[in-house]
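Engineer: Quick one, structure for this:
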Amino acid sequence: MKFLLDMPVSPSLLRVLRIYGHEGVHASQIGKSRAADEELLELARQEDRTIITADLDFPRLLALSFAAGPGIILFRGGNYSDEEMRDLLERVFKEVPPENLKNSICVVDRQRIRLTNLPIDRS
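Structural biologist: Numbers count the residues shown, from 1 in each chain. All right, here's what the predicted structure looks like:
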């Protein structure tokens, strides 16, 4: 699986991705450190990447657009150290099948992991 790491998350998460057999790129590595969220969403769609972020705007944008992707892993619940983020991401990979991450919003905090399938049904 391929991932795009947003600026609020540490590039050290790339190591976790490699351990689990995934490929990733941090926004800063590709000249997108100041890119708008919409631009990163479009890039992730084009490159079939799941976004890893701590930015609440991404789920909101997906909900408002009724988009079926890209998938998002969202760290919630406070400021995390790099080590805490790595541990949480490992927990996601141990508990959530990768195919479920491609078309869902996966919200991760210290207590739990929640998945919401995309597109978000607002009925």
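Engineer: name the element residue 116 belongs to?
Structural biologist: Assignment of secondary structure by DSSP states H and E places residue 116 within strand 113-117.
Engineer: quick one, helices of this structure?
Structural biologist: Applying DSSP state H to the chain gives helices spanning 13-19, 37-46, 57-65, 82-95, 98-101.
Engineer: for the shortest one, what is the average pLDDT?
Structural biologist: Computed over helix 98-101, the mean pLDDT rounds to 91.
Engineer: distance between it and the chain's centre?
Structural biologist: Averaging C-alpha coordinates over helix 98-101 and over its chain gives two centres that are 11 Å apart (Cα atoms, centre = their mean, to the nearest Å).
Engineer: What of stretch 62-75?
Structural biologist: The gap between the average C-alpha position of stretch 62-75 and the chain average comes to 9 Å, counting by Cα atoms, centre = their mean.
Engineer: So what would you say the end-to-end distance of that stretch is?
Structural biologist: Counting by Cα to Cα, to the nearest Å, you get 16 Å between the two ends of stretch 62-75.
Engineer: which residues of this structure score low on pLDDT?
Structural biologist: When the per-residue scores of the chain are filtered using pLDDT under 70, the ranges that remain are 122-123.
Engineer: show me the contacts for the residue most central in space within the chain.
Structural biologist: The geometric centre of the chain, computed from its C-alpha atoms, lies nearest to residue 52 (Cα atoms, centre = their mean), at 2.3 Å. By Cβ atoms under 8 Å, 6 or more residues apart in numbering, residue 52 lies in contact with 3-6, 9, 13, 24, 72-73, 75, 89. Every C-beta, even on glycine, is put in place using the N, C-alpha and C of the backbone.
Engineer: Quick one: mark the members of those residues that sit in strands.
Structural biologist: When DSSP state E defines the strands, the subset of the contacts of residue 52 inside them is 3-5, 24, 72-73, 75.
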